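S.K.: for reference, the sequence and a predicted model appear below.
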Amino acid sequence: MSLVEPVTEERRAEVLKHWELAQERLTALLFEEDPAGLVFEAALQADEYELEATNILPRLPACKSEPEVQALIHQKMHDLVDVKRPQPFEAYSRVAQRVWLEVVPILREGGIPCSTAL
């Protein structure tokens, strides 16, 4: 007898749907908040932060608090973006708050295990 239940196609589709929704929301939030100062031209597309969102999202479920989200975003922005003048850690507070309140719940709704505050 297996201790792990098999994943159904319906369940897989549900998780994928929520993952994609979280990816879209995270990309949009990063664009709106522009934590790395990339959005300096009106002609830039909302997917300007897609690469960063793709790298942040898989690590997001492990974050247990908003400050951990802030640290993750700060680190990824500095790892992935060629920023001439890096933003200080404090500059990522608002985007971290929005990600914690708007993206993490999407993952949880999809049944994607996320850490919770202790």
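M.R.: Looks like it arrived, so ask away.
S.K.: pLDDT below threshold where in the protein?
M.R.: The chain contains residues with pLDDT under 70 at 1-5, 40-46, 82-86, 116-118.
S.K.: 50 instead, please
M.R.: 118 (pLDDT under 50).
S.K.: downstream neighbour of the longest helix seen in it in the secondary structure list?
M.R.: If you go by DSSP state H, the chain has its longest helix at helix 9-33. Toward the C-terminal end, the helix or strand that comes next after helix 9-33 (DSSP states H and E) is helix 50-56.
S.K.: can you pull the buried residues of that following helix?
M.R.: Neighbour-count burial for helix 50-56 flags 50, 52-53, 56 (criterion: 16 or more other CB atoms under 10 Å). Every residue, glycine included, has its C-beta placed from N, CA and C.
S.K.: and the helix or strand following it, what does it pack against?
M.R.: The first helix or strand that comes after helix 50-56 along the chain, using DSSP H and E, is helix 66-80. Other helices and strands packing on helix 66-80, by 3 or more CB pairs under 8 Å, 6 or more residues apart in numbering; DSSP states H and E, are helix 50-56, helix 93-102.
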